[in-house]
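Trainee: the sequence and its predicted three-dimensional model are supplied below.
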Amino acid sequence: MKEAIDRARKVLKDWKGDSYTFGEDVLEVTGNYVRRYGGKVTLAVTELGQAWIEQPLERVKASLKAKGVIFETVNGARPNAPREDVYRISLQVARFKSEVIVALGGGSTIDAAKAAAVLNTYSPEEVRTILGAGIGDADSIEPYFGSDTVTRMKEKTGREVMPVVAVQTAASSGAHLTKYSNITDPVNGQKKLIVDEAIVPPAAVFDYKITIDSPISLTLDGALDGIAHAWETFMGAKGSSYEKVKEVAQLCIQLLVYGLQRVKKDAKDLEGRTALGLGTDLGGYSIMIGGTSGPHLGSFSLIDILTHGRACALLNPYYTVLFAPVIQEQLRVVGAIFKEAGYIKGEMRNLSGRDLGLAVARGMIAFAKDMNFPTTLKEAGATRAHIERMLTAAKNPQLKTKLQNMPTPMDPEKGDVDRLMRPVLEAAFTGNLSLIP
């Protein structure tokens, strides 16, 4: 596994260069990054006041003070980045007249910081003029959901988004490296997504040693989210990007399966934690050169019963069977990983088509069971109302990229969501793989 770890470090370095510092005992570089962009900072911190965050927080504060940075510390976002937390952070940034946001936390706090930075960059009048937003939405985050809306604002105004220096604390979403911001409307329990190169943090730090104290449930959720990033992107990979996606996804899934097995035995296993950090970072890389699809789309409607990582992990085996005929090489690559890890018992060499998809899907399910995760929606506490919510969300134009990223894209106007997605979700609800078209 040392070879895979060394290879992952090189791949990340080649990708991000000197804009990303990762490894062990690296928090002290935060101040150096911040000073590139300004000297007055809002420091948004996940779970502010909790014991586990105190040591990394003090190290980040010391690095800011050493560079003469003035900062105000505020609470970060709750899980799933509720919309109200975005507005609260945005207001605090505006009041302090910050030049930079430092987000110290996991994906939710970093996603909220990205969104708050956008709100503090462009005026409601500009949003009305450029994006055509109504007067009731122009000062909200709503007009930015979808793809490339922030880039439109940047190009028309000539102003870059306020910089966010992302200091990651959890091996999970890769939010510190990516163009995505997931924001939740807590009223209807639905996540929405901003997808835009303009919101990629210009600098990021991840000290993998911090994750040693992470709760095992958070560790498992984050790693499974990383696997979903890689697998969904790999399933949909085509054309000139295919080989690069294959390299990154294969390495990502290999590291995450290995890391989870080690950390399950010993939560403080540093090699396992490093594998998880590198693996989830590669998951972030995957979704920058490709994109997630059905399982991620479905997870946005399950936030009231499942964490994001668990929801994606639960749905992925079922979509794997649906797309099996057109992802044969991908199935052989990831199937070999799960077989080597002990989750696929039979021989796969003579399998093809749907049979190969079923074998890999069952290996994924065995892996989830080994991690004590639910493997059906019903077991997870879902109702049929959740299925209808997922189907409705799939028809929302703001989320159409998830349908387009599928190995065979779905078109809601042609009835694909009801014809193909509905039976997949029914299979995920019951665990009956034979329901899948």
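Mentor: Arrived safely, thanks for sending.

Trainee: residue 206 falls within a strand, correct?
Mentor: Yes - remark: residue 206 belongs to a strand, assigned using DSSP: H, G, I helix; E, B strand; the rest coil.

Trainee: thought it was touching residue 176?
Mentor: Yes - contact criterion Cβ atoms under 8 Å: residue 206 and residue 176 qualify, at 6.3 Å. Quick note: C-beta positions are derived from backbone N, CA and C, even for glycine.

Trainee: mutual contacts of those two, please.
Mentor: Here residue 206 and residue 176 have 20, 167-168 as joint contacts, going by Cβ atoms under 8 Å, 6 or more residues apart in numbering.

Trainee: ranking by neighbours, what's the top pick from the residues you listed?
Mentor: Most neighbours among the shared contacts of residue 206 and residue 176, by other Cβ atoms under 10 Å: residue 167, with 35 neighbours.

Trainee: quick one: strands adjacent to the host helix or strand of it?
Mentor: According to DSSP states H and E, residue 167 maps onto strand 164-168. Strand 164-168 pairs in its sheet with strand 100-105 (parallel), strand 203-207 (parallel), by DSSP bridges.

Trainee: now the shortest one, how far from the centre of its chain.
Mentor: It refers to strand 203-207. With Cα atoms, centre = their mean, to the nearest Å as the basis, strand 203-207 stands 16 Å off its chain's centre.

Trainee: got a list of contacts for that strand?
Mentor: For strand 203-207, using Cβ under 8 Å, 6+ apart, the contacting residues are 16, 19-27, 29-30, 33-34, 36-37, 56, 163, 165-168, 176-177, 277, 281.

Trainee: do the same with the longest one
Mentor: Counting contacts by Cβ under 8 Å, 6+ apart, the residues outside strand 100-105 that touch it are 30, 34, 37-38, 40-47, 53, 56-57, 60, 64, 71, 76-77, 89, 93, 109-110, 112-114, 116-117, 162-170, 176, 201.

Trainee: same thing with stretch 268-281?
Mentor: Contacts for stretch 268-281 (Cβ under 8 Å, 6+ apart): 1, 4-5, 8-9, 12, 22, 24, 171-174, 177, 206, 208-209, 211-212, 219, 222-223, 225-227, 229, 251-256, 258-263, 266.

Trainee: pLDDT of it, averaged?
Mentor: Per-residue pLDDT over stretch 268-281 has a mean of 97.

Trainee: got the buried residues for it?
Mentor: 269, 272-281 (16 or more other Cβ atoms under 10 Å).

Trainee: okay, strands next: where are they in the stretch 101-250 of the chain?
Mentor: Under the criterion DSSP state E, counting those that start in this stretch, the stretch 101-250 of the chain contains strands at 146-147, 164-168, 180-185, 190-195, 203-207.

Trainee: using PDB, write out every CA atom in the helix or strand hosting residue 425.
Mentor: If you go by DSSP H and E, residue 425 is part of helix 422-430. Output in PDB follows, covering the C-alpha atoms of helix 422-430 (Å, rounded to 0.1, in the frame of the first residue of the first chain):
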ATOM      1  CA  ARG A 422     -38.300   4.700 -10.100                       C
ATOM      2  CA  PRO A 423     -37.600   0.900 -10.300                       C
ATOM      3  CA  VAL A 424     -34.000   1.500  -9.200                       C
ATOM      4  CA  LEU A 425     -35.300   3.300  -6.100                       C
ATOM      5  CA  GLU A 426     -37.900   0.600  -5.500                       C
ATOM      6  CA  ALA A 427     -35.000  -1.900  -5.600                       C
ATOM      7  CA  ALA A 428     -33.000   0.200  -3.100                       C
ATOM      8  CA  PHE A 429     -36.100   0.400  -0.900                       C
ATOM      9  CA  THR A 430     -36.600  -3.400  -0.700                       C
END
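
Trainee: how far does it sit from the chain's center?
Mentor: Chain-centre distance of helix 422-430: 24 Å, with Cα atoms, centre = their mean.

Trainee: one more: stretch 375-389?
Mentor: Per Cα atoms, centre = their mean, the centroid offset for stretch 375-389 relative to its chain is 22 Å.

Trainee: who's in contact with residue 93?
Mentor: Taking Cβ under 8 Å, 6+ apart as the criterion, residue 93 is in contact with 42, 101, 116-117, 120, 162.

Trainee: now do 10 Å
Mentor: Residues counted as contacts of residue 93 (Cβ atoms under 10 Å, 6 or more residues apart in numbering) are 41-42, 44, 72, 74, 99-101, 113, 116-117, 119-120, 162.

Trainee: that's a strand at it, yeah?
Mentor: No - membership of residue 93 in a strand is not supported by three-state DSSP, which gives helix.

Trainee: which residues does the residue lying closest to it once chain neighbours are set aside bridge with?
Mentor: Taking Cβ to Cβ, 6 or more residues apart in numbering as the measure, residue 93 lies nearest to residue 42, with 4.6 Å between them; neighbours along the chain are not counted. Here residue 42 sits in beta bridges with residue 72, residue 101, going by DSSP bridges.
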